[in-house]
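In: Next one to model:
(4 chains)
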Protein chains: 2
Amino acid sequence: MADAHLSLADVARLAGVSPATASRALNSRPEVAEATRARVLAVAREHHYVASPEASGLASRTTGRVAVVVPHLSRWFFGALLEGLEARLRRAGLDVLLYHVPTRRDRHDFFERLPARRKVDAVVVLAFPVSEHEQARLAMMGVGIVAAGGQVAAFPHVCIDDHAAARQAVDHLLFLGHRRIAMIEAVDPESAEWRDGMGRTTGYHEALAEAGVAPVPELVVTVPWGEQHGADAMSRLLGLREPPTAVYAHSDEVAAGALATLRRAGLRVPQDVSVIGIDDHPLAALLDLTTVAQPVREQGEAAGQLVVDLVAGRDVPRGRAVPTRLVVRGSTAPPRASAGA
Amino acid sequence: MADAHLSLADVARLAGVSPATASRALNSRPEVAEATRARVLAVAREHHYVASPEASGLASRTTGRVAVVVPHLSRWFFGALLEGLEARLRRAGLDVLLYHVPTRRDRHDFFERLPARRKVDAVVVLAFPVSEHEQARLAMMGVGIVAAGGQVAAFPHVCIDDHAAARQAVDHLLFLGHRRIAMIEAVDPESAEWRDGMGRTTGYHEALAEAGVAPVPELVVTVPWGEQHGADAMSRLLGLREPPTAVYAHSDEVAAGALATLRRAGLRVPQDVSVIGIDDHPLAALLDLTTVAQPVREQGEAAGQLVVDLVAGRDVPRGRAVPTRLVVRGSTAPPRASAGA
DNA sequence: GAATCGTCCGGAAACGCTTCCGGCTCGAGG
DNA sequence: CCTCGAGCCGGAAGCGTTTCCGGACGATTC
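Out: The predicted structure is shown next:
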């Protein structure tokens, strides 16, 4: 008991070597004889020695930590992303410093004050857009930066091709024969700036155009992210003189809301209207929702890999898009009365 | 540009004082004249000075960090808890070091290796049981420990009274006239050890007993946590010769699974069977699920408060239970044919 | 007018590592 | 036998703070 906290010097003394050698042994440096290393390691283990990260950080000018900036924690997508990321970083011996920036204000604050300054070797921003100015601020930190799950092309990043995913979803509906296809466009009210560039929207328009379907403005409704708003959006859609026969939602959560509204309205899915989402949220399986799956955890891991490469001084690929995959379940089917064509 | 990284000494020189005084000024210690302090602060701000946390940590023997150990990140409950916790800690200037321990192995590893050793001023374990042995290991870290969302009575903690919550749920069903009440008991397969002590189970039994309802073993089915398993459990219950008229699920996710099964089976909720959950997951509102709400975010914040008190050297209350509240929605109603009594 | 007391500040010693630099030992090569 | 390089290791100088200790100085108090 009570090896309150040995210092490197103590271990060295106990092992009969100098602190310098002890340090080298513990950090598995090559310039130390095997026998010596073993002795030091044995002493260290026996006394549960742990190096003071502060001290070694001070001396080596690195922290062994990486900041993860995330806008939401209670949403499945971000949690799953974080899981993958954490796992990869942990394996590399890097610790994760969490920065939660739910509101616009928090974000602003984060980029102005840069609270992670000097505290980390790298920072990864999770699934939210970063403005030019914010990018500049980030750069001031002087550490590696990577983005995951989002579309910050300025940094090394890993994400899906939103545009392609949207195409997969909408093309599926078109393939089934739908022509009157609505889109529930979800935006994060806390970072609305850049929603137009979103592939999930452009993909919809492109798919329709390619199929020769004229765009109908009232068929796209924009709401904040979330189940409840998805439900509201669906209500609005049902209020149309001529409601859609299929609905493409930006995410499964939003689609789930739409399903709820549909059910309450007494409409049957997929007989009366088809619904498709994006993400393959666990909810999707439960609700038998057709969706475009993206590998979330894997994205986190890939981002983690970028980080470890970055801090190791290796240079990393600019960006990498992981593939998505259409998962057909029971919420989509051909329209009831296949009208035209 | 390029104030690559001023040191305290630089700031001190620029402000015409000694490093000692600069340090005192920056840390708002009382023994420095207002004018001097202002001068130092001005210089610091102008040059974007940030103290090296490693150095100050080394010198002050504190880290300004707290470890948060969490078994799941992609579940709403844990995310929400974490949000509250992070917010409170951030306000107090404490950083959050994240430790994700999804599997039994990860947990074991965490407690054996204690990777957070010397890295944090406190650790909070989020919503999972900690064995005697693990508690002992934790104690070896020599830092404050608090538990949130779970039932680790050995440490300062904040949580709900599971037993009482269960009573609220089951009593509600009893009040509506149900007698044949099933329980879907959810356990985390990665920490099954302690499931029997769980209040969510004992509350059920007690409520039934008090109401003079004889326990029916086949009416309680135990499954791993999660929507899918909730669905399976419900299937099993429906297979009974005499299915229940009401179902009490340990959590809303599980209840959601049950609802899905019910719907697929063509049964109506609440006309044919009532369902109640616990948590007030966002899902619950969407599914119109009656539930016992617990303030999750608030628990996180309260736990954060315990932590800041702890690291400030104040002593803290042993434990604190936050109140739960029955939220009646559309998934519960009196049984179809009010049988007896 | 001297003794006392605060207030404010500087010198310098930690804090616990990493790493540069140089020295020692030993075997190989000339 | 001498030299030289490779392999190991120790001394000591940082790394950038905090904080103890003591000194200077002006304001009180008797």
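In: how about A:Thr222, secondary structure?
Out: Put simply, A:Thr222 is strand when judged by DSSP: H, G, I helix; E, B strand; the rest coil.
In: Looks like it contacts A:Val187 (just checking).
Out: Yes. Contact between A:Thr222 and A:Val187 holds when scored by Cβ atoms under 8 Å: they sit 6.1 Å apart. In short, each C-beta sits where N, CA and C put it, glycine included.
In: okay, these two: which has more neighbours?
Out: A:Val187 (19 against 15; other Cβ atoms under 10 Å in any protein chain shown).
In: OK, now which residue of the stretch 151-300 of chain A is nearest to DNA strand C?
Out: Proximity of the stretch 151-300 of chain A to DNA strand C (Cβ to the nearest atom of the strand) peaks at A:Pro156, 24.9 Å away.
In: what about that residue, distance to A:Ala246?
Out: A:Pro156 sits 37 Å away from A:Ala246, going by Cβ to Cβ, to the nearest Å.
In: One more: A:Ser235?
Out: As judged by Cβ to Cβ, A:Ser235 and A:Ala246 stand 17 Å apart.
In: Which residue of those two possesses the greater neighbour count?
Out: The residue with more neighbours, out of A:Ser235 and A:Ala246, is A:Ala246; 28 against 16, by other Cβ under 10 Å.
In: Can you give me the distance of the more buried one to A:Arg336?
Out: On the measure of Cβ to Cβ, A:Ala246 and A:Arg336 end up 11 Å apart.
In: next one: A:Arg91
Out: 52 Å.
In: ditto for A:Ile145
Out: From A:Ile145 across to A:Arg336, the span is 50 Å (Cβ to Cβ).
In: Neighbour count: those two, which is higher?
Out: Higher neighbour count among A:Ile145 and A:Arg336: A:Ile145, with 23 against 13, using other Cβ under 10 Å.
In: Next up, the contacts around the more buried one.
Out: Residues in contact with A:Ile145 (Cβ atoms under 8 Å, 6 or more residues apart in numbering or on different chains) are A:122-125, A:138-139, A:155-156.
In: And for the residue nearest to A:Asp162 when sequence neighbours are not counted, the neighbour number?
Out: Leaving aside its sequence neighbours, A:Asp162 sits nearest to A:Gly199 (Cβ to Cβ, 6 or more residues apart in numbering or on different chains; 2.9 Å). Number of residues near A:Gly199 (other Cβ under 10 Å) recorded here: 18.
In: now swap in A:Glu46 and tell me
Out: A:Glu46 has 11 nearby residues by other Cβ under 10 Å.
In: Now do it against A:Ala80, distance only.
Out: Look at A:Glu46 and A:Ala80: by Cβ to Cβ, they are 40 Å apart.
In: now swap in A:Ala260 and tell me
Out: A:Ala260 is 23 Å from A:Ala80, where distance means Cβ to Cβ.
In: Equivalent analysis for A:Ser18, please.
Out: Per Cβ to Cβ, A:Ser18 is found 48 Å from A:Ala80.
In: Looking at these two, which has the bigger crowd around it?
Out: Higher neighbour count among A:Ser18 and A:Ala80: A:Ala80, with 23 against 12, using other Cβ under 10 Å.
In: thought that one was touching A:Gln294?
Out: No. If you go by Cβ under 8 Å, A:Ala80 and A:Gln294 don't touch, sitting 10.0 Å apart.
In: quick one: pLDDT of the residue of the stretch 201-341 of chain A found nearest DNA strand D?
Out: Residue nearest to DNA strand D within the stretch 201-341 of chain A (Cβ to the nearest atom of the strand): A:Val311, separated by 18.7 Å. On pLDDT, A:Val311 comes in at 93.
In: Report the contact partners of it.
Out: Contacts for A:Val311 (Cβ under 8 Å, 6+ apart) come out as A:62, A:66, A:94, A:121-122, A:144.
In: Same check on A:Gln299?
Out: Counting by Cβ under 8 Å, 6+ apart, A:Gln299 touches A:81, A:84, A:148-149, A:158-160, A:322.
In: And those residues, which of them are buried?
Out: Buried members of these, scored by 16 or more other Cβ atoms under 10 Å in any protein chain shown, are A:81, A:84, A:148-149, A:158-160.
In: Closest to chain B out of those?
Out: Set against chain B, the nearest of the buried ones among the contacts of A:Gln299 by Cβ to the nearest Cβ is A:Leu81 (8.6 Å).
In: For the closest one, which non-adjacent residue is closest in space?
Out: Distances taken as Cβ to Cβ, 6+ apart place A:Gly300 nearest to A:Leu81, at 4.3 Å, with adjacent residues excluded.
In: Next SSE downstream of whichever strand or helix holds A:Ser23?
Out: Applying DSSP states H and E as the criterion places A:Ser23 in helix A:19-26. Per DSSP H and E, the first helix or strand lying C-terminal to helix A:19-26 is helix A:34-46.
In: With DNA strand D in mind, check whether that next one reaches it.
Out: Yes. Shown here: helix A:34-46 in contact with DNA strand D (Cβ under 7 Å from any atom of the strand) through A:34-37.
In: Return the list of helices and strands in contact with that helix.
Out: Judged by 3 or more Cβ pairs under 8 Å, 6 or more residues apart in numbering or on different chains; DSSP states H and E, helix A:34-46 is in contact with helix A:8-15, helix A:19-26.
In: what's the average pLDDT for the first one?
Out: Mean pLDDT, taken over the full extent of helix A:8-15, equals 94.
In: Looking at the contacts of A:Gln299, which are in helices?
Out: In this view, the contacts of A:Gln299 that belong to helices under DSSP state H are A:81, A:84.
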